Structures are given as C-alpha cells and as structure tokens.
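Colleague: structure, please.
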Amino acid sequence: MTLELLRFEIDEIDDQIVDLLISRFRCLDRVAAIKMREGLAGHDPMRERAIMERVFRKISQAGLSFDQRRVILQVSRNVLDEGREYIKRCLHEARHDRPDRNAMDAGARLTASKDAPKR
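Modeller: Model prediction:
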C-alpha cells in the first residue's frame, strides 16, 4: 500500500468522523428540546460516566497501544464536554434569551451563527 492510498483512506475516515459529529449535534438539538420541554437538567453525570465506560471497554478490546487508548479517551471526553456545553448554551438561550423559541431552535441558531461568515 502506498502513502497516497493510506492518506486517501485517512481522508475518507475523517469525512466519516465529521458526518458522525454532524449527526451527533443534530441529535443533541433534539435532546435539548426534550430537556427544555420536560424541565430536565442539561447535565447527566451518570450518562456521561456510562458512555466513557463503554468507550473504555471497546478500546480495551481493540489491541491498541496505551498511547492510542489515551488519545481515543481524550477525544471521547472532548466530544462529551463539547456536547454538554452545547446543550447548556441551547437551554440557556431557550430559557432566558428567547422564551418564545424552543431549545432546538436555539441550537439551530447557534449552529448557523457559527457557520456565518465573519465580518
């Protein structure tokens, strides 16, 4: 296998990761909307712990080096942290800034504002 082919494979994997993150944040918009509607807290430490335990079990069985496992755990933790903060912002905006809008609208507005060209 050539370096060029490996780089192509990595590019395809990176595209899949981005697509999965897009799907995850769209799902987070729906989670925020449900939490807003039902008056639930934005943060669920037990859920996060269960997710990280699942990640740890999976990578422990993958035959990876210590450093590879450490990096995957850190990336997974970062994804969870960013998701938690995103939901917190959605709920805050929906509850305080624009009570006429639901949390999903708040999440969509936040996403759109991040994608808007900078002036």
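
Colleague: could you give me the buried positions within stretch 50-70?
Modeller: Residues of stretch 50-70 classed as buried: 51, 55, 59 (neighbour count, 16 or more other C-beta atoms under 10 Å). From N, CA and C alone the C-beta is placed, and that goes for glycine too.

Colleague: which residues are in contact with the closest residue to the first one other than its chain neighbours?
Modeller: When you say that, I think you mean residue 51. In space, and not counting its chain neighbours, residue 51 is closest to residue 80: 6.3 Å by C-beta to C-beta, 6 or more residues apart in numbering. Taking C-beta atoms under 8 Å, 6 or more residues apart in numbering, we find residue 80 in contact with 48, 51-52.

Colleague: for residue 80, phi and psi?
Modeller: The phi/psi pair for residue 80 (degrees, to the nearest 10) reads phi -60, psi -50.

Colleague: equivalent analysis for the one 10 residues further on, please.
Modeller: Dihedral angles of residue 90 (phi, psi; degrees, to the nearest 10) stand at phi -60, psi -50.

Colleague: same check, this time on residue 3
Modeller: Taking degrees, to the nearest 10, you get phi -60, psi -40 for the backbone angles of residue 3.

Colleague: residue 64 too?
Modeller: Per-residue torsions, residue 64: phi -90, psi 160 (degrees, to the nearest 10).
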